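J.: need a structure here:
(one chain, ligands or ions: 1)
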Amino acid sequence: LQVVVLVSGSGSLLQALIDDDVHGKVYEIVAVGADRECTGLERATLAGIPTFTVETRHFPERSQWDAALADAIERAFSDADDDLDLAALTGGDVAARQLVVSAGFMKILGAQTLSRHTVINTHPALLPSFPGAHGVRDALAHGVKVTGTTCHVVDAGVDTGPIIDQRVVDVRADDDEESLHERIKVEERTMLVDVVRGFARGWSINGRTVSINE
Ligand code: GRF
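T.: I've put the predicted structure just below:
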């Protein structure tokens, strides 16, 4: 499986994929893309992974940014097409399969990117509760006793796509947004690695259902 990871921030989710000890046997991170300069891009460079940046401020219309991002992702996959090792290691034409992972990417993806690529995202709350940019803060403000993280397929809405996996995290009485988010991210990293491994083993998305053909 060829994977393009999109980041905007510290990139600790990306790092979990880079560090996954089966990574390289079942999936290859062919590029890391971002919408801004960020630590996530530095992590990719340190790991020898090609990077690209597509910034909204360089485009007059949001739809033009979206098309440029879709193009950059497509180029990243086609530049990696010659990698015969992956096909050999996975014993099939798995190398032809492609997945885009939004891992702390803080932009809403548009119609071009979503129609041309399969994109999954992780969110730091148990969807459909607390979607949006402040899932941890909103859950805490609501007084929930358990929260967690969700991996889902990205569709045109904000955090509305089909749910692939979820992990639960207890809220402690003395939690603030930062402490709770850190514990959620520990679960978020292992969930994301498990899900990407799942797609590498042949999971596929049919409408609102994720089929697991293991
Ligand atoms: C994750 O909790 C993600 O769900 C949220 O931002 C965090 C990204 O962390 N949107 P990092 O940049 O991978 O460290």
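J.: Tell me if residue 150 really is in a strand.
T.: Yes - with DSSP: H, G, I helix; E, B strand; the rest coil as the criterion, residue 150 is part of a strand.
J.: Check what pLDDT the nearest residue to it once chain neighbours are set aside gets.
T.: Take residue 150 and drop its neighbours on the chain: the residue closest to it by C-beta to C-beta, 6 or more residues apart in numbering is residue 127, 4.2 Å away. The C-beta positions use only the backbone N, C-alpha and C, and glycine is treated the same way. Note on residue 127: pLDDT of 98.
J.: What values do phi and psi take at residue 127?
T.: According to degrees, to the nearest 10, the main-chain angles of residue 127 amount to phi -60, psi 150.
J.: and it, how many neighbours?
T.: In terms of burial, residue 127 registers 19 neighbours under the definition other C-beta atoms under 10 Å.
J.: The ligand contacts on this protein?
T.: 9-14, 40, 103-104, 122-124, 185, 188 (C-beta under 6 Å from any ligand atom).
J.: got the contact list for the residue nearest to residue 150?
T.: Contacts were defined as C-beta atoms under 8 Å, 6 or more residues apart in numbering; by that measure residue 127 touches 150, 152, 159, 160, 163, 166.
J.: so which pair among the residues you listed is furthest apart in space?
T.: Taking C-beta to C-beta as the measure, the contacts of residue 127 reach their widest spread between 160 and 166, a distance of 14.7 Å.
J.: Near the closest residue to the ligand within the chain, how many other residues are there?
T.: With distances taken as C-beta to the nearest ligand atom, the chain approaches the ligand most closely at residue 104, which sits 2.7 Å away. Using other C-beta under 10 Å, residue 104 has 22 other residues around it.
J.: What of residue 22?
T.: The burial count assigned to residue 22 is 11, neighbours taken as other C-beta under 10 Å.
J.: my hunch is that it is in a strand, does that hold up?
T.: No - when three-state DSSP is applied, residue 22 is found to be coil, with no strand at that position.
J.: Make sure it is actually in contact with residue 194.
T.: No - taking contact to mean C-beta atoms under 8 Å, the distance of 10.7 Å between residue 22 and residue 194 leaves them out of contact.
J.: Please identify the buried residues of the longest helix seen in the chain?
T.: The helix of greatest length in the chain, counted in residues with DSSP state H as the criterion, is given as helix 177-200. Residues 180-181, 183-185, 187-189, 191-193, 195-200 are the ones in helix 177-200 that count as buried (16 or more other C-beta atoms under 10 Å).
J.: again with stretch 21-34
T.: Going by neighbour count (16+ other C-beta under 10 Å), the buried part of stretch 21-34 is 23, 26, 27, 28, 29, 30, 31, 32, 33, 34.
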